[in-house]
Structures are given as structure tokens and as C-alpha cells.
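>>> Fold the following.
(2 chains)
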Number of protein chains: 2
Amino acid sequence: MAPKIISMRNLKFLLYEVFDIETLTQYPYYKAHNKKMFDLVLDAAQKIGTKLLYPVFEEMDRQVPRLENGAVKVHPQVATILQEFGEGGWISARFPEEFDGDQMPLLITSACWLIFCGANYSAAAFPALCAGAARLITSFGNQRLIDTYVAKMLSGQWQGTMALTEPQAGSSLTDITTTAVPADDGTYRVKGRKVFISAGDHDATENVIHLMLAKIEGAPVGIKGVSLFVVPKKRIAADDELVANDIVVSQIFHKLGYRGCPITELSMGEKDDCHGYLVGEPHRGIMYMFQMMNEERIGVGTAAAAIASAAYYAALAYTRERPQGRRLSEKDPAVPQIPIIEHADVKRMLLFQRSVVEGSFALLLQCALYEGLITVTKDETEKEKYRLLLDLLTPVAKTYPAEMGIQATSQAIQCFGGYGYCEDFPVEQLFRDMRIHAIHEGTTGIQGMDLLGRKLVMHEGRAGWLFIEELQGTIAAAGAYPELLSLAKRLDAAQQKLQDVTLHLFGLAGEKGPEVFLADATLFLELFGTVAIAWQWLLQSVKAQAALASGPSAAETNFYQGKLYTGRYFFSYELPKIEGLAIRLLETNPLTMGMETAFFND
Amino acid sequence: MAPKIISMRNLKFLLYEVFDIETLTQYPYYKAHNKKMFDLVLDAAQKIGTKLLYPVFEEMDRQVPRLENGAVKVHPQVATILQEFGEGGWISARFPEEFDGDQMPLLITSACWLIFCGANYSAAAFPALCAGAARLITSFGNQRLIDTYVAKMLSGQWQGTMALTEPQAGSSLTDITTTAVPADDGTYRVKGRKVFISAGDHDATENVIHLMLAKIEGAPVGIKGVSLFVVPKKRIAADDELVANDIVVSQIFHKLGYRGCPITELSMGEKDDCHGYLVGEPHRGIMYMFQMMNEERIGVGTAAAAIASAAYYAALAYTRERPQGRRLSEKDPAVPQIPIIEHADVKRMLLFQRSVVEGSFALLLQCALYEGLITVTKDETEKEKYRLLLDLLTPVAKTYPAEMGIQATSQAIQCFGGYGYCEDFPVEQLFRDMRIHAIHEGTTGIQGMDLLGRKLVMHEGRAGWLFIEELQGTIAAAGAYPELLSLAKRLDAAQQKLQDVTLHLFGLAGEKGPEVFLADATLFLELFGTVAIAWQWLLQSVKAQAALASGPSAAETNFYQGKLYTGRYFFSYELPKIEGLAIRLLETNPLTMGMETAFFND
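Here you go, the predicted structure:
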């Protein structure tokens, strides 16, 4: 039997009690859905996780993809996974009905992907990439591209990829050198090299559809010269046959984790016969990508939080069963040992993990709620408000789970002691699988600059003020519960500190320019993320406190008490970390910039 | 060529300029040594690291030990390593002349092991275990045990191990169940099971000598019933032949990292024919182990700091060479990309790693200096003072590098971006190798309780006051340099905060008992460790500032400036973390203890 990797009770608490998903289903776009169906969807997702994905969690890590004769072989289960995700409608769940999708709210699909990624992140990546790549085509591609590719990708027959990175251009996409030369037939001939392309080739699919950035010959230098193309592994020839499209897999990367999914290096156009099909207009590739980036980044945060959840429940189960030591007040060595969960320090490690997991889940679903509201709201001011909040919180919802997830999975190992370091338990793999998330889809450093240098600055800083308003709303709601007053006061002080730091940094920007302004953007992101998660914990605490007042069952009381304790844990142990960050951020000396490269010589 | 894994300039700065090792060589015990010889020793160690250990760093990780027909096969280089460490006198370097040792100060041998462990931790573990096990015998064993085993272990012919842990007894050694029954010949028959025994069996040695904890039949229950034994894999029969001693390797553990060294499960006495030889007196095994624990734990801290150093220099080299992006003020995409070390956020990540590495090195060598002073000082009050300081700082010198090393190696991966996640670069392995150190030789939780519950409490808290005196001495010395006044002030405030927190916790102990007192001992250890490393950074800054005043060469100026910047980094970015920790530690609600186990149910 698969072990517990996620709390369904918690998912439902967030979906129904905290974010009240049913407000969305009142709108025409989501009218086909209701709570009862959502419950069925979640149960079905749980079954997929348990029966399809988890059973090969370890095997896919150990039997890594191989490159043989230019073709990539993956675990045989991948074919089944793609097929079942396609047939079950999991890939197309969020797509509009016109693409045979279910028009499901992101709130629900996010919850499902939390289940899938927690069960087996490497496996879940294959269908997730199909959905992401297809969405680029449906959003920006012409009807012909849509007709040719989308149905096959949503059915899991054809693998989709995002082909952005090149050996010399990772964070700096401006500097890609893959070229696209217009051909007589209106298509393009693509030439170049891409690296780190997830699922870039494999034998569990009959075709791979790359959504690829390239520069059209003669395009403007820099970011304004990058275009987006569909570049299939096999193109459709005149006779409707699939023929090889001159893409060579030059290597696959062996990695720390995320090992079940082949990360490839691709070489296009070695025979000058790699056909590419322009998506949308020339030179707008980066803009298209940026418009999709929110969802991709929230997807990364989702995967990270899911992995942390799997590690937390593994640690929880172990600490309940493992006897070791006695109470400190117990001096008699003849008394039996107690389960280690009874030790305060082990409880602290569990509370830390739970606070990261459930805090991250909440922030991710908060973002999903904003996305739903953007979709349904007719009021343009409202729509703009949610758009700004979603844009603002995206780097946070990506980074907090990714960075804190490293620490959370590390603490899961610690709960196991020496056993956690061994391959007999899943936590060492989860620790390895986790580490990619602070890197891909924009490193933590990039997210920090995005938050401070773009999201908080644009529209005269409106997004920041909207965020403060959201916090104030929750603080006010907490005011109804005497038990939450001290937490509300702490969050209020924290948001004030966040404002002080932000205004101080804006001042630096004016005085000293962008380099000094953004030198510590990563620290700022950490501070912002901690405040955002504290907000989500206060929000959950309000709902838990309200539920407790209605006299729930013993099991439910335990659940709500657990919520309240974890929230208190966060305010006592995690939120205070902003004090140290603020001390540095309020200094004015650009210390790291003063450190000359030569000072690193010895 | 092996890459840089450590700064020899920094080692010499610490040994000669900061801790002035030559004060030790004035004493008779170390009179055979001088700076010139130390330089030769360090150079020789560097050669061993570069030519013997590093070349198999990756291979030993990939070609893991195998259990075949009951015997463990390790990488063939291990035999050469043990032989060269034996013949070169590296295993016996610190042993007294009576054991053919070199009577070298721990300061120098620690520096050498920093080099060895940075080059290849798995490989270095084999000879290190020989030394540790042999030292237990020379310290507590009778002449016969010494004559039989020590020379062979110090020459690298026979592997030594520490066989403490059992499946049901890791942190709680009180609960071991391995038994020793007295036999007619004055030896014992040992029966039981041990797990996680590093180098517990392998084919690169002709014998394995386990220093094993067991309970003599009829011994008192608990900690006072545990004895220490020598239990060889092969015992010496009457005809001086080596014969099998009834120990079976029942499994080897496959692990996250530290993969070159076989971690074994051993089963003793399945045929009732496993002979054990008592070390010292019955029932004093735990006490003997505790007396050796300081050195073992400092050894763990040393290994962790060394691994962090290797990762830091890998990241440093990469960031100097990898072009990516442009200055934020540079808007022209036609301008070539700059090496990423030029970005402030990358410099911050490098400074973080360097501050952890060099701060840890300093604290470890500070401990080694205390050890040297204990060895040479005739004045009993002085000796007691250094003993208390060493005891106090041991859990800190073990834990700070082990815990912060996880973050430092993680940041090294981050500096590489996606490449850091791949096996083509060493940082992913270093990240994996690092993770064991917060677990073995006493987990971080155990170290926290040791620091707060034992070291700070014993002798009416004298160790703590001595520590504060040491800090005050450094703060006073910094007073001579106007450039350091603000750092000195910050350290003074930090040590005051540490005192406040400590006294607050002592108060809790009196009011509410040991459970509440020690509930957050891990946080306290983190706070204490951060203050201790800040102290070491101020100490180094004083020496660097003094050296700069003497008008050194350009290269030396760069080195000292690098020191000063890294020190400032620590005071601005790391030391402020104690504010958040103190907020929690000064609260009085035992939050984690209130979290009932049932609250974790859902």
C-alpha cells in the first residue's frame, strides 16, 4: 500500500473552508462544476497517485533514462502514465471546452497536481509538460497549429516540452543563439542547441513537440528579437506521414534527483532540415513566455510543496513508530522507550515541516483563487486587482516552497536519523528531487529581482498596496477571536516592517541606482515570503478557530487544534526570522558589491 | 589536475597568524616541531589530497561497495590509501612517541584532515577510523591490547571501527542489547547486532578491529551497565594464526552520500564464538566513549567544513568563468555578458559560503588550540579552563559546520544553476556527502541538549562565563582598530543577548523542569553557534586589520581585504539571525510540547 503523502482533510479545508471554491462555480465559466464533483475528482486523483505514480516512485529514480543509439529510453510505466493522464482528462482538465477540456478551476487542478507530484514528481512531469506546452499553442498559436498539435498533446499521445535554455543562455534568455531562417513554404529552418530540456525525447511517446525560443535571421539584438516556435521531433510530411525533423539528442544529463525524467541536450538542424513553425508574431517569443510564466512558476512551487508533503508524512509515520529514549524527567532506564514523536525537539521538526507544507499549499491555492477570479470577474478593476496580486505573489509562491522545501526535506531526513540517510526510506530521494525547484523556471535570484525590481515597482507600486490590503483584511477578521489577537498583532507589525524595508529600498534605488537597489533582492524575497506565509497561517487560523466554535467531532477538533498549533508555531519560530533579514536590508552599505573579485583570490 | 578544494593561504593565516601555533612548540611535548616542519607537513598533506584521494572522489561515489558472499568489496584505491596513510605516519601523527607517533599538535593534524576530507571524505574516513579506534585502546586498554592491536591499526594494516549503534539504539545508547558473557579464559563471548558501522568490513584490510559497546551479563540496567570491548573480525588463535571471529556482515546500507565507505550491519556470535576483549573496567564503556567523543565530534565538524570548502571553491571557479547576463545598468544587449561572479547576488552566495567555511575552520582550530594548551599546560587552573572551553565548544564545532554546511553546499549548487544539479560537476556529490554530518556522532538535537543541558550547567555554569571572557578579550582587542569598532559593538550586544537567553532558560528550568528547559535546545545551539562564529570572525578581522597596517604586497592585501569583507558579511547577514531565534527563546510557552500527537492525525 502507498503511504500517506498528503492530507486530503487539509486539501478540503483549504478548498472549501478557507478559499470557498464554490464562489467560483456560481459564475457561468465554471457552472458545470460543484463540490460533489470536486470531491470525486480529488478521490480519483488520489487513486492515480496511489496506484499509477507512487508504485514506480523509487524504480524510476533507480532505473534512470538511457540514451541508446540516439534515442532515449524511459521507464515502461511512463507510456501508461501519459495514456492514463490523457484519457482521464487530467492533461486537459483546465483547458476550455473548445479544446475538449473540463474548464476546471486552477484551485482543483492545483490540488490534484499536489497529489501527483507528491506521489512521483519525475512521473508527473511528463503530462504536466504536455499541458504547459499545449497551453502556449492554444494561447498564441494560429488555428492550424492548434488543429495539428493540441489534441494529440492533451491526449498524452505527443509529449510537449519547453525548449528555452541553451548552454550559454540560462537565466539570460536574451542571449540565445538558436536561429530560425524563413523558408519558401512559410515555415522556418531551425539551427542551434538547447540544454536541460525536460522530457526532450523518449520512447513512451510517438512524437515530441518542442515549444522553442529562437531568433529569426536579422531580428533585433536582445530580448526583442526572440521568437517562439513549434519544433516537432517528427514533422508531418505531405503524405501525413511523420518524418524525422533533424533533431539529435546529443546527451542526457545525470542528475542529483528528478532522475526519472530525462533532461536532454538537443541539437537542431545539423542537416539544415529542422522545420519550425512560428507561434504568434515574430519577435514576441519572450513576451508569450512571460505571460505563461506565472502558471509554470506556480507549478514549480506546487511540485516543491508536494515533495515536502510526502517527506513530512514519511517522517511523521516514522516518528510515531520509532521508540527511542525516554522523557527527560524519567530517570529509570527500565521504563520502556517512547516513540520519538513524544520528544519536544522531534515535534518541533514536524511542526516546522507541516508549517512549510501547509503554509505553501495555502499560498499556492490563494494564487489559484486569484486566477479563478481573474477568469470569472467582469469588473475590470477587480480583474486588474487580482491580476496584480497574482503577478506579485508568483515569485513568492514559486520560491518559498522551493527554498524552504530543501530545509523541510532535510528535517524529514533528520527525523529518521541514520535511516533517513539510507535508500531504504523515501526521504533521501525526496531531498534530492526537491533541490531542482530553486533552479528551474528561474532561479531564486531571478525571482527576487522579479519581485522587487518589477512586480513591486510597476503601476506605481499598486500591487504592493493591494497585498497590504489583503493582509489587513485577514488581520481584521482575526480580531473577532481573542485567541488570535496576538498573532494578528504580530502580522501587523510584520507587514509594517515589510513596508519600511520596501520604502527604504525604493529610496536606495533613487539615490544609488538599480544595482544597489537589487543587490539583496533574494533576502527581500525571503522576508516577503515569510510575511506572506504568516498571512496564510493567520487566515487558516481564523477558519479553524471559527470551526472549533461550532463544536466539531473529536477527530475534527484534533484537526483544527493541529492547524492552530502549527499556525502558532509559524508565528513563534518562523516569522521572527524577518527581524534578522530586516536588519541587513535596512543597512545602506552595498557590502557584497564592494567585495572585489580579486579579494576572492586566496 | 585536481581543482582547488581549500585555501592554503587561509590555513596558514589561521595556524600562524590567528592561533600562533608556535606558542605550543615552546613546550617540551611539542618541542620536536617548528613552523618549517609544519609547512612541509601541510604541503605533503596537500599532495596526498591531490594525488591519492581526489582522483577517486567521483569513482568511489559511483562504484559503491558491494556485499558479495558475506564479504564487502570496496574501491581498489582504498588499500593504497590505508597503506600510504599508515606508512606516511598520518594515522599516528597525533599519537605520543611511545606509540611511534609524531606527537603533532591537533592544530596541524586538523588542518591536514581538512585537506583530506575536502578531497574525498569517503576515502579519508578509513584511516580516520583507524586512528579513532586505536586511540580508545591506547587511552583505556591494557598493555596486552595495546601490543596486539595498536601498531597494526596505526600502520593502516588493520581497519578500526566504532561499533556503538544498534537497530533499536542510536541516540539512546543506554538501550543497547548486545551482550558479553565472561568465558573461562578471561575473555568474553559477544552476541548481538550493530548497524551503521562505517568501514565495518572490507577487502582492503586483513582485519577489522571493532571498538564495541556491549553489556556484560548481569550488568546494571541502563547507562551504568555498558562496557567497551575490542572485538576483532579475525582473532589471533593460539598458533598466532588469524581465525574468523564469528561476525557476519548481514547487509550494507545504500546511502544518499558518503557512498565510498561501506556502512554495515554486523551480527556477532551467531555460532556463540565471537570473542571480545574488555577495554578498561567493566561498566565504564559509555564514560570511555564520552571522553573520546570531543575529538570524534570535532572530527565530524572538520569533515563538514572541509566538504563545504571543496564546494565553495568549485562554485568560486565556476562563477569566475561562466558568463551570464549584464550589469543591471547596462541596457545594450550587444555588450558581451559578464562572468556571474560580477553579480551582487552571486557574490552574496559566495560570501555566505566563505563565511561558513572560514568561520568553521577558525572555530575548529580554536578548539584544537585549546586541546594543545590542555596538553602542555602545567597550571591546573589553566588546564581546567581550557578543558571547560573545549567541552563547551565541542557540540558547537560539530554542529555549526554540519548544519550550515548543508546550506553552504546547497548555495554552491545554486551558483552553478542547472549544471550544479548534474553529476558532471562535483557539487551535487558534496551536497550529498555533507548531509550525514548532522546525524552521525550525535544528531543536532543531541548536541543541543549536550550544550544547554550539560555543558552550560555543569560546574555552576563556569564554562559559559569563560566563553564570555574569551569574547570580551577579542572585543577589547578589536577596540584598537577604528574600522572594527562597529563589529565589536555588535558582538558585545550579541553576547549580552546570549546571556539574557541563557539566564531566561535557566529560570525556566527551575520553574518548569527539564522538559521545558530543553524543548528548544536546538534553537539555542543555533544561536550560540552563530555568536561563536561571529567571535571567530572578529578575531580574524583583528589579525587581518593588523596585517594590513604593515603594508603587505598586493596579493596579501587582497587576501586580508577578503577576510575583512567576509567578516563584515557575517556580521551583517548572519549574526542578525540571532534576533529571530532570541524572540522565540525568550517566550515562555512550551508550544511544541502542547502539540498533542493526535493533533498530527490529519
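>>> Let me know how buried the nearest residue to A:K51 once chain neighbours are set aside is, in neighbour terms.
In space, and not counting its chain neighbours, A:K51 is closest to A:A2: 7.7 Å by CB to CB, 6 or more residues apart in numbering or on different chains. C-beta: built from backbone N, CA, C; applies to glycine. Residues near A:A2, counting by other CB atoms under 10 Å in any protein chain shown, number 14.
>>> ok, now the one 3 residues further on?
Neighbour count for A:I5, taken as other CB under 10 Å: 27.
>>> Let me know the distance separating it from A:S410.
Relative to A:S410, A:I5 is positioned 18 Å away (CB to CB, to the nearest Å).
>>> A:D100 now?
In terms of CB to CB, A:D100 sits 43 Å off from A:S410.
>>> Check for me that A:G200 belongs to a strand.
No - assessed by DSSP: H, G, I helix; E, B strand; the rest coil, A:G200 does not belong to a strand; its assignment is coil.
>>> okay, now it: neighbour count?
A:G200 has 26 neighbours, counted by other CB under 10 Å.
>>> Spatially nearest residue to it, not counting backbone neighbours?
Closest residue to A:G200 apart from its sequence neighbours, by CB to CB, 6+ apart: A:T264 at 3.3 Å.
>>> Look at that neighbour and give its secondary structure.
With three-state DSSP as the criterion, A:T264 reads strand.
>>> my read: it touches A:Q251, true?
Yes - contact criterion CB atoms under 8 Å: A:T264 and A:Q251 qualify, at 7.2 Å.
>>> Is A:M104 part of a helix or strand, or is it coil?
coil.
>>> Pull the contacting residues for it.
Contacts for A:M104 (CB atoms under 8 Å, 6 or more residues apart in numbering or on different chains) come out as A:Y30, A:H33, A:V41, A:A93, A:R94.
>>> Is the residue nearest to A:G200 bridged to anything, and to what?
For A:T264, the beta-bridge partners are A:I197, A:I252 (DSSP bridges).
>>> host element of A:G461?
Per DSSP states H and E, A:G461 falls inside helix A:458-478.
>>> Now the element after that helix, going C-ward?
That would be, after helix A:458-478 and using DSSP H and E, helix A:485-512.
>>> hmm, the helix or strand hosting A:Q536 in reach of chain B?
If you go by DSSP H and E, A:Q536 is part of helix A:521-549. Yes - counting by CB under 8 Å from any CB of the partner chain, contacts between helix A:521-549 and chain B involve A:A521, A:T522, A:L523.
>>> other SSEs contacting that helix?
In terms of contacts (3 or more CB pairs under 8 Å, 6 or more residues apart in numbering or on different chains; DSSP states H and E), helix A:521-549 is packed against helix A:344-376, helix A:380-416, helix A:444-449, helix A:458-478, helix A:485-512, helix A:554-569, helix A:577-585, helix B:344-376.
>>> Quick one: residues contacting the closest residue to chain B within the stretch 301-450 of chain A.
Proximity of the stretch 301-450 of chain A to chain B (CB to the nearest CB) peaks at A:P333, 2.8 Å away. A:P333 makes contact with A:R326, B:T174, B:D175, B:V221, B:G222, B:I223, according to CB under 8 Å, 6+ apart.
>>> So which of these are in helices?
Using DSSP state H, no member of the contacts of A:P333 falls in helices.
>>> from these, which would you call buried?
Buried by 16 or more other CB atoms under 10 Å in any protein chain shown: A:R326, B:T174, B:D175, B:G222, B:I223, out of the contacts of A:P333.
>>> from the residues you listed, which single one is nearest B:S139?
Lowest distance from B:S139 to the buried ones among the contacts of A:P333 (CB to CB) belongs to B:I223, with 19.4 Å.
>>> Just to check, that closest one is in contact with B:T174?
Yes - look at B:I223 against B:T174 with CB under 8 Å: they come within range, at 4.7 Å.
>>> Enumerate the residues of the stretch 101-250 of chain A near chain B.
A:165, A:168-172, A:174-175, A:195-196, A:221-223.
>>> So what's the residue count around A:E22?
Quick note: A:E22 (other CB under 10 Å) scores 14 neighbours.
>>> Identify the residue nearest it in space, chain neighbours excluded?
Nearest to A:E22 is A:K35, by CB to CB, 6+ apart, at 5.9 Å.
>>> Quickly list what A:P182 is bridged to.
A:Y188.
>>> is it true that it touches A:G218?
No - counting by CB under 8 Å, A:G218 is not a contact partner of A:P182; they are 9.3 Å apart.
>>> quick one: which of these two has more around it?
A count of neighbours by other CB under 10 Å puts A:P182 above the other of A:P182 and A:G218, at 14 against 9.
>>> For that one, which residues are in contact?
A:Y188, A:I216, A:E217.
>>> Can I have the buried ones of those residues as a PyMOL selection?
Under the burial definition 16+ other CB under 10 Å, those of the contacts of A:P182 that qualify are selected in PyMOL by:
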select buried, chain A and resi 188+216
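>>> wait, which of the contacts of A:P182 is closest to chain B?
Relative to chain B, the closest of the contacts of A:P182 is A:I216; by CB to the nearest CB it sits at 15.6 Å.
>>> Can you name the residues that contact that closest one?
By CB under 8 Å, 6+ apart, A:I216 lies in contact with A:T179, A:A180, A:V181, A:P182, A:Y188, A:G225, A:S227, A:P282, A:H283.
>>> ok, the first one - how many residues close by?
I take that to be A:T179. Counted with other CB under 10 Å, A:T179 comes out at 19.
>>> what's the answer for the second one, then?
Counted by other CB under 10 Å, the residues lying close to A:A180 total 31.
>>> That one: what secondary structure?
Classified using three-state DSSP, A:A180 is strand.
>>> That one touches A:A214, doesn't it?
Yes - taking contacts as CB under 8 Å, A:A180 lies within contact range of A:A214: 4.3 Å.
>>> between the two, what contacts are shared?
A:Y188, A:V190, A:S227, A:F229, A:G276.
>>> Which one's more surrounded, A:T264 and A:Q251?
Per other CB under 10 Å, whichever of A:T264 and A:Q251 has more neighbours is A:T264, with 26 against 13.
>>> contacting residues for that one?
Neighbour list for A:T264: A:V72, A:I197, A:S198, A:A199, A:G200, A:D201, A:V249, A:Q251, A:I252, A:F253 [criterion: CB under 8 Å, 6+ apart].
>>> nearest to A:Q495, of the residues you listed?
A:S198 (37.4 Å).
>>> Touching, the closest one and A:G260? I think so.
No - in this structure A:S198 lies outside contact range of A:G260 using CB under 8 Å: 10.9 Å.
>>> the more surrounded of these two?
The neighbour comparison of A:S198 against A:G260 (other CB under 10 Å) goes to A:G260, with 27 against 20.
>>> Now do the phi/psi pair for the residue of the stretch 301-450 of chain A closest to chain B.
Main-chain torsions, A:P333, degrees, to the nearest 10: phi -70, psi -10.
>>> Please name the nearest non-neighbouring residue to it.
A:P333 sits nearest to B:G222 (CB to CB, 6+ apart), 2.8 Å away.
>>> cool, A:G445 as well?
A:G445 sits nearest to B:D345 (CB to CB, 6+ apart), 4.4 Å away.
>>> contacting residues for the one you found?
B:D345 touches A:G445, A:G448, A:M449, A:A519, A:D520, A:A521, A:T522, A:T592, counting by CB under 8 Å, 6+ apart.
>>> how about a cut-off of 7 Å?
When contacts are counted by CB atoms under 7 Å, 6 or more residues apart in numbering or on different chains, B:D345 touches A:G445, A:A521, A:T522.
>>> List buried members of those by neighbour count.
A:G445, A:A521, A:T522.
>>> Could you pull up the contacting residues of the residue lying closest to A:P336 once chain neighbours are set aside?
Nearest non-adjacent residue to A:P336, counting by CB to CB, 6+ apart: A:P323, 7.1 Å away. By CB under 7 Å, 6+ apart, A:P323 lies in contact with A:Q337, A:I338, A:P339.
>>> Against B:L278, how distant is the last one?
The one in question is A:P339. 34 Å.
>>> When those two are compared, which one has more neighbours?
B:L278 (23 against 16).
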